[in-house]
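Asker: predicted model, plus sequence, below.
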Amino acid sequence: MEQSEQSGIRIGKRTFISTVCILLAVMICAGVLTLALPQSSYERVIVNGYEEIVPESYTVTEGAKLPVWQWFMAPFEVLAGSDGKIAIMIILFLIFIGGTFLVLDKSGVMRYMLTSVTAKMGRHKYALLAVMTLICMAIGSTMGIFEEFAPLVPLAVALALTLGWDSLIGLGMSILAVGYGFSVGTFNPFSILVAQKLAGLPVFSGLLFRVGSFLIFYGILFTFLFLYAKKIEKNPQKSLCWESDKVMREKYRYDAQDGTLNNDALKKASFVFLGAFGLIFLYISVSLVLLYGGNGALTDYTMPMMVVLLTAGGLLAGKVSKYTKKELLRDFGKGMLAMAPGALLIIMAMSAKQIVLAGGVMDTILHGAYELMSGVGKYQAILIVFGFVLVLEFFISSASAKAFIVMPLVMPFASLLGLTRQSLVQGYCFADGFTNMFFPTNAALLIVLGLVNMSYGKWLRWGWKLTLATVAACVGLLLLAVKIGYGPA
């Protein structure tokens, strides 16, 4: 977080410029693909209210190539296209978070919450790291929450700094852990549930293998975080964000004698804000119960409800903390403006998909993977599915959207190659979520990096070894799934 007198959260200039440059390069690469690949299309049909691909309907089409100038119009076309509502909601989500956290920061509520946790858990901080990582992974694995977890990231980062670590540990034990859990979806309604339904498998079947996978990936992630935390605790200047964390580290430095915990107004305000979070998780829990029962209407309003409840909770907490009305509204507005540049990053992140679709080459990419699977062995085939979804993830981050694209294409190969449908579903799920936190086209990644003023390049430098270890574990587990005939078939 960049503090400018220094409060709240804002996107730093250097972070903003570097991210814009990376996203611009991604947009240009997507545009080059539209020139290099032939245009083509699959027929789509509506099945049970959802659009699915007809695998045998592939047709090469002739048409004018997407003009270069249109590549750079893609961010504006995103707002006017089918993803426009999602983009606008994410942007509003980001801006309102900025206002809410400036109020929490300036009122002293955030410091009170952090000081309370540190006073109780400071001597057992590695146990806290282990528990937080496990809980966040479990939330992603069972509830399918990912973007919705963004509001907790600034709190997790501030807590990590209070405990003597850095922003990367805060990101790792919060949003990264949620992303890992999402990928190893034990009961994830947006990946495993949708994919198994499309594959004709019993819902949530094959649970034992996924629980084992969950424990393996928890071990990988926690070990990585533990070793890094130990390293920077021994020598804090080895932190990749030593300089950028300096102001925040001093601001939230734990001081048992500063009297923060004796402030009754801040105590009441903290309970008010935490109560808003309680209502959010209650809403999410009820919506998921209804989703499992076949009614997913409430899940469509999860993000708007979070915006409303977080904003109301933050403003009410500020009021209870003895913030004057004038200061409250002034700082809330300042916080919103500080995060406004993030709007450009969000629509640029979603532009690669828009360019590829407008250029008519998305189905060409799909067909290329489809052809690769013809005539290969079952072990090679499962890895092709894994790699195919990794590529697709770069353009389409939505888990359920990819399921409706991937499952109809790969399921016909199950019996031909001697693969179980469960193995193919697992290949899709592993590839879907792990890269959510490392592809720059994922809007949620840009949200959380912007919230803590972390450059994308620094994030990759920190996490590339973890990514390689994760991919290696995915490959090993998928080969094991094929070997044991992971079922039901």
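Answerer: Cool, got the structure. Residues are numbered from 1 along each chain as shown.
Asker: what comes into contact with stretch 89-99?
Answerer: Here stretch 89-99 makes contact (CB atoms under 8 Å, 6 or more residues apart in numbering) with 8-10, 147, 150-151, 154, 303-304, 306-307, 310-311, 314, 331-340, 342-343, 346-347, 443-444, 447, 450-451. No exception for glycine: its C-beta is placed from N, CA and C like everyone else's.
Asker: list the buried ones in that stretch?
Answerer: 89-91, 93-99 (16 or more other CB atoms under 10 Å).
Asker: and what of stretch 383-397?
Answerer: Neighbour-count burial for stretch 383-397 [16+ other CB under 10 Å]: 383-390, 392-397.
Asker: now the two most distant members of those residues.
Answerer: Greatest spatial distance among these (CB to CB): Leu383 and Ser397, at 21.7 Å.
Asker: remind me which residues of the stretch 251-400 of the chain are low pLDDT?
Answerer: Applying pLDDT under 70 to the stretch 251-400 of the chain flags the ranges 254-259, 294, 296.
Asker: circling back: which one of the buried residues of stretch 383-397 sits closest to Thr115?
Answerer: Comparing the buried residues of stretch 383-397 against Thr115 with CB to CB places Ser397 closest, at 36.4 Å.
Asker: right, and the closest one touches Leu446 too?
Answerer: No. If you go by CB atoms under 8 Å, Ser397 and Leu446 don't touch, sitting 11.0 Å apart.
Asker: buried stuff in the helix or strand encompassing Leu290?
Answerer: Using DSSP states H and E, Leu290 sits in helix 264-292. Neighbour counts over helix 264-292 (16+ other CB under 10 Å) mark 266-267, 269-270, 272-273, 276-277, 279-280, 283-284, 287-288, 291 as buried.
Asker: among those, which one lies nearest to Met407?
Answerer: Using CB to CB, the buried residues of helix 264-292 come closest to Met407 at Leu291, 18.6 Å.
Asker: for the closest one, what are its contacts?
Answerer: Contacts for Leu291 (CB under 8 Å, 6+ apart) come out as 189, 298-299.
Asker: ok, 6 Å please
Answerer: For Leu291, the contacting residues are 189, 299, by CB atoms under 6 Å, 6 or more residues apart in numbering.
Asker: swap in Leu409?
Answerer: With contact set as CB under 6 Å, 6+ apart, Leu409 has these partners: 55, 370.
Asker: that's a helix at it, yeah?
Answerer: Yes. Counting by DSSP: H, G, I helix; E, B strand; the rest coil, Leu409 is found in a helix.
Asker: could you number the chain from 319 rather than 1 from now on?
Answerer: With the count now opening at 319, the last piece we talked about shows up as Leu727.
Asker: show me what contacts Lys720?
Answerer: Residues in contact with Lys720 (CB under 6 Å, 6+ apart) are 710, 714.
Asker: and Ala670, by the same measure?
Answerer: Taking CB under 6 Å, 6+ apart, we find Ala670 in contact with 344, 348, 713, 759.
Asker: for Lys549, same thing?
Answerer: By CB under 6 Å, 6+ apart, Lys549 lies in contact with Lys556.
Asker: so Gly504, which of the three states?
Answerer: Heads up, residue 504 is Thr, not Gly. Counting by three-state DSSP, the backbone at Thr504 sits in coil.
Asker: these two touch, right, it and Gly458?
Answerer: No. Taking contacts as CB atoms under 6 Å, Thr504 lies outside contact range of Gly458: 9.8 Å.
Asker: those two: which is more packed in?
Answerer: Set Thr504 next to Gly458 and count neighbours by other CB atoms under 10 Å: Gly458 wins out with 27 against 17.
Asker: so who does that one touch?
Answerer: Residues in contact with Gly458, defined by CB under 6 Å, 6+ apart, are 496, 499-500.
Asker: backbone phi and psi for it, please?
Answerer: Dihedral pair for Gly458: phi -70, psi -40, per degrees, to the nearest 10.
Asker: Val378 too?
Answerer: Dihedral pair for Val378: phi -80, psi 130, per degrees, to the nearest 10.
Asker: in the helix or strand that contains Trp782, what's buried?
Answerer: Using DSSP H and E, Trp782 falls within helix 774-802. By 16+ other CB under 10 Å, the buried positions in helix 774-802 come out as 774, 776-777, 780-781, 784, 788-789, 791-793, 795-796, 799-800.
Asker: kind regards, and thank you for your time.
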